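S.K.: only the shape, not the letters, is given here:
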């Protein structure tokens, strides 16, 4: 990551082949996180985001978050806070147009712990200006999170019984009436239980499309659809393309190897960062009050 005392305005961090589970932390830089293939997860204070390779996460400077990366080709681009004109004050998922994808890949040429030069600065200034436009478009394929015990129980049961679990089954499992469950879930989460289950199904389908060779009909059944055509219609309505098209889109990792030399590749390793350790040499603990996140051991990165 960025070296102690670094004055880099912008730079990249590649996490290829790593398994990373960070504690809650924040940066003094804006972060654009992207999976070249497969998907990564990032969680904010109110929602968990699944990022397949069609989307990126925009994480504004100072935003509390934690990330999970499991052995996929991925990376992040960081910008000094004043390089982005338009202020976004929360984590969001944005679609990745071809130009953004190509520019993120080439940005890996300049790591955040390297040295800044006139070429890198000009490149990142251009990318930052374009990001100011790109981050205005938001994708809402998110999985809300909650610290409410009943909501957590509902979410866990729904996830464990995604293929066949019905609302009645959830109600029996958590000992709530359908009316109470619907009302409580909507109030605490902001979306209906049916909408939550739909998002779960799509996220699971994306994982299977990315990481297996299962036929699409089997994937549809695995995530709870009795009709492959209904699954395809739903998938397209959210993702903007059908599951077959999504699976056949060229993975950016096939291109990135042509842009970045093997000497620049990150060694494959496992990185697990417990909450009591710092995320970088410059990290310091920040314990806000009265927010519950303070109890988790919040780390400032860089």
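M.R.: Perfect, thanks for sending it. Because the structure is predicted, anything quoted here is derived from the model rather than measured.
S.K.: you'd agree residue 77 is in a helix?
M.R.: No - Residue 77: not assigned to a helix; according to DSSP: H, G, I helix; E, B strand; the rest coil it is strand.
S.K.: ok, now which ones touch residue 196?
M.R.: Residue 196 makes contacts with 143, 144, 155, 158, 185, 189, as judged by CB atoms under 8 Å, 6 or more residues apart in numbering. Where C-beta positions appear, they are placed from N, C-alpha and C, glycine not excepted.
S.K.: relative to its centre, which residue of this protein is most distant?
M.R.: residue 177 (33.6 Å; CA atoms, centre = their mean).
S.K.: give the contact list for that residue.
M.R.: Going by CB under 8 Å, 6+ apart, residue 177 touches residue 171.
S.K.: so what does it have for phi and psi?
M.R.: As for residue 177, its main-chain torsions (degrees, to the nearest 10) stand at phi -80, psi 160.
S.K.: tell me which two of the contacts of residue 196 sit farthest apart.
M.R.: Spanning the widest gap among the contacts of residue 196 are 143 and 185, at 13.4 Å by CB to CB.
S.K.: look at those two and report which has more neighbours.
M.R.: Comparing residue 143 with residue 185 by other CB atoms under 10 Å, the one with more neighbours is residue 185, at 26 against 19.
S.K.: please name the residues that touch the closest residue in space to the more buried one that isn't next to it in sequence.
M.R.: With sequence-adjacent residues excluded and distances taken as CB to CB, 6 or more residues apart in numbering, residue 185 is closest to residue 193, at 4.9 Å. Going by CB under 8 Å, 6+ apart, residue 193 touches 154, 158, 167, 170, 181, 182, 185, 186.
S.K.: ok, of the residues you listed, which one's closest to residue 228?
M.R.: Nearest to residue 228 among these, with distances taken as CB to CB, is residue 158, at 22.1 Å.
S.K.: ok, residue 16 - how many residues close by?
M.R.: Residue 16: 20 surrounding residues under other CB under 10 Å.
S.K.: now do the SS call for it.
M.R.: Assigned with three-state DSSP, residue 16 falls in the coil class.
S.K.: surely it meets residue 76?
M.R.: No - Residue 16 lies out of contact with residue 76 (CB atoms under 8 Å); the separation is 11.8 Å.
S.K.: so which residues of this protein form strands?
M.R.: Under the criterion DSSP state E, the chain contains strands at 10-14, 19-21, 25-27, 29-35, 39-43, 47-52, 55-59, 66-70, 74-80, 92-95, 142-144, 270-272, 284-285, 299-301.
S.K.: what strands line up against the second one, and which way round?
M.R.: Here the strand partners of strand 19-21, with direction, are listed using DSSP bridges: strand 66-70 (antiparallel), strand 270-272 (parallel).
S.K.: comparing the ones you listed by mean pLDDT, which bottoms out?
M.R.: Sorting the strands paired with strand 19-21 by mean pLDDT places strand 270-272 lowest, at a mean of 35.
S.K.: how about residue 212: what's its closest non-neighbour residue?
M.R.: Looking at residue 212 with CB to CB, 6+ apart, the closest residue is residue 219, at 7.8 Å.
S.K.: cool, residue 87 as well?
M.R.: residue 60 is the one closest to residue 87 (CB to CB, 6+ apart), at 7.6 Å.
S.K.: quick one: contacts for that neighbour?
M.R.: With contact taken as CB under 8 Å, 6+ apart, residue 60 is in contact with 30, 87, 88, 89, 90, 91.
S.K.: tell me the one among these nearest to residue 122.
M.R.: residue 30 (17.9 Å).
S.K.: doesn't residue 85 make contact with the closest one?
M.R.: No - using CB under 8 Å, residue 30 is not in contact with residue 85; the gap is 11.5 Å.
S.K.: looking at the two, which is more packed in?
M.R.: Set residue 30 next to residue 85 and count neighbours by other CB under 10 Å: residue 30 wins out with 24 against 10.
S.K.: ok, the residue nearest to the more buried one when sequence neighbours are not counted - contacts?
M.R.: Spatial nearest neighbour of residue 30, excluding adjacent residues (CB to CB, 6+ apart): residue 79 at 4.4 Å. The neighbourhood of residue 79, defined by CB under 8 Å, 6+ apart, consists of 9, 10, 29, 30, 32, 124, 127, 128, 131.
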